[in-house]
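Asks: Structure of the sequence below:
(4 chains)
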Number of protein chains: 2
Amino acid sequence: MSETIGFLLNDTARLFRRSFNARTKGSGITALQWRLITYLKRHEGIRQGPLAELIEVEPITLSRMVDRLVEAELVERRADPADRRAWQLYLTPRAGDLLGGMRDMADALTAEATEGLTAAERDQLVELVERVRANLSRRICQKEKETA
Amino acid sequence: MSETIGFLLNDTARLFRRSFNARTKGSGITALQWRLITYLKRHEGIRQGPLAELIEVEPITLSRMVDRLVEAELVERRADPADRRAWQLYLTPRAGDLLGGMRDMADALTAEATEGLTAAERDQLVELVERVRANLSRRICQKEKETA
DNA sequence: TGAATATAGTAGCAATTGCTATTATATCCT
DNA sequence: AGGATATAATAGCAATTGCTACTATATTCA
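Replies: Below you'll find the predicted structure:
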């Protein structure tokens, strides 16, 4: 029965994404795209490679996500002055406008998802999941080292 | 900052899937397929529609997953004697053989993921995530009713 | 210097998924 | 009974993703 935690986390994460996507259907922004934008907000000027690593997708996948966001005028590619192979990514003003509304929606979704939990329980939840994530993350890094 | 829980759950679930898939690379079984097989184990004879709902994919997606599993001789389609439109799904003996090894691996993965957590903390983790899942699941059902 | 190697990003292809429409069968209702 | 409607499963198409190979540029080191 011990596979329960993996299934449970996956189920819950999927429900989160589904709720999120249902609420943003009109805007054309998916949960994954919003995740990208959120990271970008905190790391403006980042290059595609490191950002791909942050949100844990392949570089080529990120490249195409950025294509679409550039098309939607939410993200801007600027040439890196220090490396002519690379792009630096920036949010457009239009993205800033979207972020406000999105964040309110995400906050509301989180509030609904944790309804009935005390503040202490929420903290505990975050802390426990973070420890699980750290365990898995460490494992995966080890594997990569072994392969390399 | 309150979108943290959604991101965190998604990150952790992804790491779980990734670890799982890395370990089963040779066997050709993905995390999602194993999930299907696990459900099927407990509901042999189920039809495709209800199973799709259980693992939360579209019926057509399940149809194709089953195509592949039939191809791999892990699942068998039998005509439903009561409804000539429908198939009943059964595991083959070959699937039973696989399940044993998979379960051991999944147990090991779970153990590694929850390393450093006490038994009480694991229980608490499961309980808290289950409450979040119940909140989200209830929300989604409400939405479906509104739409219908 | 300049040849070997590494890195940033992208294109082609194959696999997977879901939306919409379709076929075959079942159920409902008059 | 039999016509209208609902349901189980699937096919066509488009979107998304990742593997592999590739181009362009940077770095390393003899």
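Asks: Could you look up the SS state of the spatially most central residue of chain A?
Replies: Of all residues in chain A, the one closest to the mean position by Cα atoms, centre = their mean is A:Arg35, 2.9 Å from it. Following DSSP: H, G, I helix; E, B strand; the rest coil, the label given to A:Arg35 is helix.
Asks: what number of residues lie near the spatially closest residue to it that is not a sequence neighbour?
Replies: Nearest non-adjacent residue to A:Arg35, counting by Cβ to Cβ, 6 or more residues apart in numbering or on different chains: A:Ile55, 5.7 Å away. Where you see a C-beta, it was placed from the backbone N, CA and C, and this is true even at glycine. Using other Cβ atoms under 10 Å in any protein chain shown, A:Ile55 has 19 other residues around it.
Asks: State the pLDDT value of A:Ile55.
Replies: Looking at A:Ile55, its pLDDT stands at 86.
Asks: Isn't it up against A:Val66?
Replies: No: using Cβ atoms under 8 Å, A:Ile55 makes no contact with A:Val66, being 11.2 Å away.
Asks: how close does the residue nearest to the centre of chain A sit to B:Ile37?
Replies: 30 Å (Cβ to Cβ, to the nearest Å).
Asks: still on that earlier bit, any shared contact partners between A:Ile55 and A:Val66?
Replies: Common neighbours of A:Ile55 and A:Val66 (criterion: Cβ atoms under 8 Å, 6 or more residues apart in numbering or on different chains): A:Leu36.
Asks: ranges for the strands of chain A?
Replies: Assigned by DSSP state E, chain A shows strands spanning A:75-79, A:87-91.
Asks: Figure out which of the ones you listed is closest to DNA strand D.
Replies: strand A:75-79 (9.9 Å; Cβ to the nearest atom of the strand).
Asks: Contacts for the closest one next, please.
Replies: Residues from elsewhere that reach strand A:75-79 (Cβ under 8 Å, 6+ apart): A:37, A:40, A:66, A:69-70, A:86-92, A:95.
Asks: Over to stretch A:35-46?
Replies: For stretch A:35-46, the external contacting residues (Cβ under 8 Å, 6+ apart) are A:29, A:50-51, A:54-55, A:62, A:65-66, A:69, A:74-75, A:88-91, A:95, A:98-99, A:102, B:3, B:7, B:10.
Asks: Average pLDDT for that stretch, rounded please.
Replies: pLDDT averaged over stretch A:35-46 gives 91.
Asks: ok, how many other residues are close to the closest residue to DNA strand D within chain A?
Replies: Nearest to DNA strand D in chain A, going by Cβ to the nearest atom of the strand, is A:Thr61, at a distance of 2.8 Å. Using other Cβ under 10 Å, the number of residues around A:Thr61 comes to 13.
Asks: quick revisit: please check the contacts of strand A:75-79 and keep the buried ones.
Replies: A:37, A:40, A:66, A:69, A:87-89, A:91, A:95 (16 or more other Cβ atoms under 10 Å in any protein chain shown).
Asks: pLDDT weak spots in chain A?
Replies: Along chain A, the model assigns pLDDT under 70 to residues A:1-3, A:25-26, A:28, A:139-148.
Asks: Write out the residues of it neighbouring DNA strand C.
Replies: Counting by Cβ under 7 Å from any atom of the strand, chain A comes close to DNA strand C at A:47-49, A:59-60, A:63, A:66, A:77, A:80, A:83, A:85-87.
Asks: can you list the residues of chain A near DNA strand D?
Replies: A:32, A:57-58, A:60-61, A:64-65, A:68, A:83-85.
Asks: Now for those residues: which two are most distant?
Replies: Across the residues of chain A next to DNA strand D, the longest distance by Cβ to Cβ is 29.1 Å; it joins A:Leu32 and A:Arg84.
Asks: re earlier: which of the residues of chain A next to DNA strand C are buried, as a PyMOL select command?
Replies: Paste this into PyMOL to select the buried members of the residues of chain A next to DNA strand C, with burial taken from 16+ other Cβ under 10 Å:
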select buried, chain A and resi 48+66+87
